[in-house]
Structure formats: structure tokens, C-alpha cells
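Student: quick one: sequence plus predicted model below, questions after.
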Amino acid sequence: MPRQRSSPSNASKDEIPRSEDPQLAQNVQDRLAHWVTSAPEDYDLANLYDKALPLPVLLLHLYRDLLRFYERHLGMSQSRVMLLHELMHTGEINQTELAQRLGMETALMTRFAKQMEASGLLSRRVDPRDNRFTLMTLTSAGQQVFQEMMVFSRKFEVQLVEGLSSDEQGNMRQALIHIQEKFSHLKDLE
């Protein structure tokens, strides 16, 4: 029997607020119910909301804050920053392949590439081996912007870790690398 829709003001701590899409809400609720029933015995679900945020949620909040900070200070979206970073490390690359590497739709990649080409950050040319493809590479101006972004990132990092010992900084870096590696190997959490 489906649960009655409840408003956030009278929802209990263990009830998930419903979205406007009942099927989506049910799918989310079913998946979360699986996790609740398979939680370790010592996991106190009753006080879940009274505890510190779970690490994945904390990382999502940090990621969101970092994106906003970078966009505000660099004047460039995360997607464009990733595009510059990838081009800096790969050199000339097929535009479609770059879109796949970044998990981006090809139409969006084309739009970004045209805008960044107009800004003088990258150049594009038809692949001489196959004129169906477009090759992209950073211009010297794009390389300069990337270098400036790296300097900015290093200065920002110094401010973020101020007050942590070098051992604590190293441990934090190793922990984040470990989490990233574990995450890349997860296929499905069921």
C-alpha cells in the first residue's frame, strides 16, 4: 500500500519527503529502504539526523561550494575548467573523444569549444585523416590561462589547509585519493 504524501513540516525523521513525480519518489524511497534495512546493526538510524553529515553528503556540499568559489573567482564554469585541464594534458585531441572523456554531450562540447575558440583559448581544425572529426588544442593564451588557474589553485590550497600540520595535509590528501579510487571502482551500491 503506497504511503500517503506528507508535507515536510509534519514528516517524521524516517520518512522521505515526496517529490512531485510519484514514480521517481517511489524509486528513491525503495532504494533508500534497501540501504536502511541493510545498515549495520550498530548504525543508529533513529538519530541519523542528529549526527554529523555522512561523508558523501559532506563531500557534495564541499564540491558545490568549491564550484561556486571557482566560478566566482575564475569567471569560468567547471566544465570549461575541466576542458582546459584535459586539453593541457592531452595536447591535440578529437572533439568527440574529449566530450566522452569529460562525460559531456557532444553538442555541449561543440558549444563550449566554439565559445572558447572565439575567446582565443583554443583552436579547432578538421582532422586531415578524417574530415568528419574536429581536432582541438589549447592556444598559447589558453595555456597561459591554465597556468594562472594552477597558481590560483595552489594559493587557494594554502589558505584551505592553513592550521593543519604537513602530516595532516598528507593524510587528508591520501584519504581523498583513497575515496576517489574506491569510488571509481564502485559499480552499483546494491
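Tutor: Cool, got the structure.

Student: so where does residue 104 fall, helix or strand?
Tutor: For residue 104, there is no host helix or strand (DSSP states H and E).

Student: next up, the contacts around residue 161.
Tutor: For residue 161, the contacting residues are 168-169, 172, by CB atoms under 8 Å, 6 or more residues apart in numbering. To be clear about C-beta, it is placed using only N, CA and C from the backbone, and glycine gets the same treatment.

Student: how close does it get to residue 154?
Tutor: 11 Å (CB to CB, to the nearest Å).

Student: same deal with residue 64?
Tutor: Distance from residue 64 to residue 154, by CB to CB: 22 Å.

Student: one more: residue 139?
Tutor: As defined by CB to CB, residue 139 lies at a distance of 23 Å from residue 154.

Student: more crowded one of those two?
Tutor: residue 139 (16 against 9; other CB atoms under 10 Å).

Student: could you list the low-pLDDT ranges of this structure?
Tutor: Applying pLDDT under 70 to the chain flags the ranges 1-51, 187-190.

Student: let's go with 50 and repeat that
Tutor: For the chain, the stretches flagged by pLDDT under 50 are 1-19.

Student: quick check: phi and psi on the most centrally placed residue in it?
Tutor: A centroid search over the chain (CA atoms, centre = their mean) returns residue 63, at 6.6 Å, as the residue closest to the centre. With angles defined as degrees, to the nearest 10, residue 63 sits at phi -60, psi -50.

Student: the contacts of residue 161 in helices, which ones?
Tutor: Mapping those onto helices (DSSP state H) picks out 168-169, 172.

Student: which residues touch the closest residue to residue 145 other than its chain neighbours?
Tutor: Of all residues not flanking residue 145 in the chain, residue 121 sits nearest, at 6.0 Å (CB to CB, 6 or more residues apart in numbering). Contact partners of residue 121, counting by CB under 8 Å, 6+ apart, are 84, 138-139, 141-142, 145.

Student: just the buried subset of those residues, please.
Tutor: By neighbour count, with 16 or more other CB atoms under 10 Å, the contacts of residue 121 hold 84, 138-139, 142, 145 as buried.

Student: for the helix or strand hosting residue 147, buried residues please.
Tutor: Assigned by DSSP H and E, residue 147 belongs to helix 140-160. Neighbour-count burial for helix 140-160, counted by 16+ other CB under 10 Å, picks out 142-143, 145-146, 149.

Student: packing partners of that helix?
Tutor: helix 55-74, helix 78-90 (3 or more CB pairs under 8 Å, 6 or more residues apart in numbering; DSSP states H and E).

Student: please identify the deepest-packed of these.
Tutor: Stretch with highest mean neighbour count among the helices and strands packed on helix 140-160: helix 78-90 (a mean of 17; mean count of other CB atoms under 10 Å).

Student: just checking, what packs against it?
Tutor: If you count contacts as 3+ CB pairs under 8 Å, 6+ apart, helix 78-90 packs onto helix 55-74, helix 95-102, helix 106-118, strand 134-138, helix 140-160.
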